[in-house]
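Student: what follows is a predicted structure for the sequence shown.
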Amino acid sequence: MNAPSLSPWLRAFTALAIVLGVADGALLFAWLRREPSLPALAAAVSDVPAAAGSDSAAAATEANASPAAPASANGAPADAVPAASPNAVLYGTVTQADGTAVQRGVLWIYRDGEHVGTSSPDGGVFAFAGLRPGEYRLASRIDDALPLSRDVQVDAPTTRLDLRLDPRWLLRVHAVTPDGQPLIEALGKVEPMLGYRTLAAAAFAAPLQGDLTLSDLAEVTAGLGPFRRDDPFGRGATLEKKTLGVLTLPPDQPVHVALLLRSAVIAQQQASPGQDEVTFTLDPAQLVARTATVKLRVVDATGAPVQGCRVALNDAQSGGGGGKPTGDDGRAEVSHLVPGRLRLSIMHKDLQGPPLSIDVPPGADLDLGDVTLQRGVEVAFDGKAMGERGNIRIGWLDVPSQPGFSVREGYLSTDNGATMRTVLFPGRYAVRATAGQRAVMTEIDTRALPAQPIRLDLQPGAPLRVRGGRPGCSVGVEIRAANGAWIHRRSLWGPQDFTLVLPIGSYAVDLVDAAGARTHRTVALAKAGAVVDLP
């Protein structure tokens, strides 16, 4: 019996499946045999309009000022001489000090403090396309390697750069209980959240004389070299259960290793160059004693206690959740908190709490008193007028003057739609919007809102560049606008070079050294921009 004839559509799909199967096989064969030809790679990417693996060269999101989170893009003033067209390619190889190819990591490229591209040098090969000829800075984050910071001149059409990473000393850091149990496991039995990515290690040239500055980040970056934790997803080498992680350090100097509970220094000991491992032996109670407790009473606008809402304090990088419910009296107590600058979150189906961050020092027992919930006010902003890659940062201006209280900033992006909506706790807010090289700062009051969606009139902004710093040293950078609104607040480690696009105007800048001493200055940001040099 003859097989039924295939319809034209079925024949077409069958042919397509055969072609795709052959193509997949060819790609797999090529991948298995790959030996990248760098000149061919450069030619292949030379026509790509933006840096490989990057956002547009004119649009990077403002974030933590470090290579792990590139800062906002900036550019030349509107009346500057036009730059050369973006037709240059930077490419090359990355190897360890012993000549082996780097298998995993990230490279970033910057121009005048502006992040303009990202590349993953998998297999030891990297490329950045769509660059304008000129001077750039390369930075890196590569497992078990010291961070790279190198200036490079990029010429058209292609520039090849073969990078060999500096020699390094790898030091494994273990932590156990007096009876030899892995400390992380023992700590998790006391409080599950304490057993998850809360302990870290950092190395310093001299012993620390106190705790580190409070941070709102999940993990503190500090010291002479990066710290790599175990990889729970199996992409890298699995560490022993007793091992907190691996420090990558300069190979030629002794160090003092600090065991950290975020910013709290739990213990320290010295290690010598070439030493393979260091072990901390601690009772879990020693760590629990450095955690903190926060108490408060939640009330409504009439002063009546609010029962059954949930109170949590989390760092800025965590997704929220957790916490404790309020009782009949509206009271809640959140214990075993890892010290830091933590975001207060009060979850209620109808009401919301003030957008606050609370400084929670190691071992603290804080009572915040009464915290009032109110009905939120929905506010909409016109994102269509801002264009692509626009963002808005919103900071409450009515923060109580109580020590340790600061604003918890809100963030909106045009990536989420033409109309950006949020619900705000009643009060006055500083609103800072940026899109490319345009910026504006204004104020709104939820008690007298303009017509919605609110249209923000962005004007040409100016670059405020922050640069300098020394390897292994910290400096706190605090930047405020004339109305007191926070622009930037971070404790930075090591050399820095990043740019913020801000409205033209006056800004207060405080630089805080490791001992807490402040240097205050006022920066007049003009059209040509301004520079803050770190000590």
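Tutor: Received it, and whenever you're ready, just let me know what you need. As the structure is a computational prediction, the values presented were derived from the model and not from experiment. Residues are numbered from 1 along each chain as shown.
Student: all strands of the stretch 201-350 of the chain, in order?
Tutor: 227-229, 243-249, 255-261, 264-271, 277-281, 292-299, 310-314, 324-325, 331-337, 340-347 (DSSP state E, counting those that start in this stretch).
Student: confidence-wise, which of the ones you listed is weakest overall?
Tutor: Ranked by mean pLDDT, these end with strand 227-229 at the bottom, a mean of 91.
Student: identify the residues contacting that one?
Tutor: 143-144, 173, 197, 200-202, 236, 239, 244-248 (C-beta atoms under 8 Å, 6 or more residues apart in numbering). Just so you know, the C-beta spots here come from the backbone N, C-alpha and C atoms, and that holds for glycine as well.
Student: stretch 440-450: end-to-end distance?
Tutor: 17 Å (C-alpha to C-alpha, to the nearest Å).
Student: that older thread, which pair in the contacts of strand 227-229 spans the largest distance?
Tutor: 202 and 236 (20.0 Å; C-beta to C-beta).
Student: need the contact list for the spatially closest residue to residue 500 that is not a sequence neighbour.
Tutor: Nearest non-adjacent residue to residue 500, counting by C-beta to C-beta, 6 or more residues apart in numbering: residue 464, 4.8 Å away. Taking C-beta under 8 Å, 6+ apart, we find residue 464 in contact with 479, 499-502, 507, 523, 525, 529-532.
Student: with residue 390 instead?
Tutor: Residue 390 neighbours (C-beta under 8 Å, 6+ apart): 383, 413-414, 433-435, 458.
Student: show me just the buried residues among the contacts of residue 464.
Tutor: Those of these that meet the buried threshold are 479, 499-502, 507, 523, 525, 529-530, 532, by 16 or more other C-beta atoms under 10 Å.
Student: format those as a markdown table; extra columns: pLDDT and distance to residue 338.
Tutor: Below are the buried ones among the contacts of residue 464 laid out as a markdown table (pLDDT from 0 to 100; distance: C-beta to C-beta, whole Å):
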| residue | pLDDT | distance to residue 338 |
| --- | --- | --- |
| 479 | 97 | 26 |
| 499 | 94 | 32 |
| 500 | 95 | 29 |
| 501 | 95 | 33 |
| 502 | 97 | 33 |
| 507 | 97 | 32 |
| 523 | 97 | 34 |
| 525 | 97 | 36 |
| 529 | 96 | 38 |
| 530 | 97 | 37 |
| 532 | 96 | 31 |
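Student: what's the closest of those residues to residue 95?
Tutor: Looking across these and measuring by C-beta to C-beta, the closest to residue 95 is residue 499, at 30.6 Å.
Student: and that closest one, what are its bridge partners?
Tutor: residue 465 (DSSP bridges).
Student: low-confidence regions, this protein specifically.
Tutor: 1-85, 196, 231-237, 319-320 (pLDDT under 70).
Student: the helices in it, which residues?
Tutor: 8-32, 38-45, 183-190, 284-288 (DSSP state H).
Student: list the buried ones in the last one?
Tutor: Think helix 284-288. 284, 287-288.
Student: helices and strands around that helix, which ones?
Tutor: With contacts defined as 3 or more C-beta pairs under 8 Å, 6 or more residues apart in numbering; DSSP states H and E, helix 284-288 has these neighbours: helix 183-190, strand 264-271.
Student: right, so of the ones you listed, which gets closest to residue 98?
Tutor: Of the helices and strands packed on helix 284-288, the one closest to residue 98 (C-beta to C-beta) turns out to be strand 264-271, at 21.9 Å.
Student: tell me which strands the closest one pairs with, and in which orientation.
Tutor: Strand 264-271 is paired, per DSSP bridges, with strand 255-261 (antiparallel).
Student: what angle sits between the strand it pairs with and strand 340-347?
Tutor: Here strand 255-261 runs at an angle of 20 degrees relative to strand 340-347 (axes from the mean of the first three to the mean of the last three C-alpha atoms, to 10 degrees).
Student: residues contacting strand 255-261, please?
Tutor: Under C-beta under 8 Å, 6+ apart, the answer for strand 255-261 is 171, 173, 175, 198-208, 212, 220, 222-224, 244, 247, 249, 265-271, 278, 280, 282, 287, 290-291, 338-339, 362.
Student: which positions are bridged to residue 227 in the beta structure?
Tutor: residue 247.
Student: report how many residues lie close to it.
Tutor: As a burial measure, residue 227 scores 22 neighbours (other C-beta atoms under 10 Å).
Student: before we move on, the earlier item: out of residue 202 and residue 236, which sits in the more crowded spot?
Tutor: Each of residue 202 and residue 236 has its neighbours counted (other C-beta under 10 Å); residue 202 has more, 26 against 14.
Student: quick one: the more buried one and residue 222 touch, right?
Tutor: Yes - judged on C-beta atoms under 8 Å, residue 202 makes contact with residue 222 at a distance of 4.5 Å.
Student: so residue 357 makes contact with residue 344?
Tutor: Yes - Residue 357 is within contact range of residue 344, at 7.0 Å (criterion: C-beta under 8 Å).
Student: what sits in contact with each of those two?
Tutor: residue 408.
Student: strands of the stretch 401-535 of the chain, residue ranges please.
Tutor: Going by DSSP E, counting those that start in this stretch, the stretch 401-535 of the chain shows strands at 405-407, 410-413, 419-424, 428-435, 438-445, 459-460, 462-468, 474-481, 486-493, 496-502, 505-512, 518-525, 530-534.
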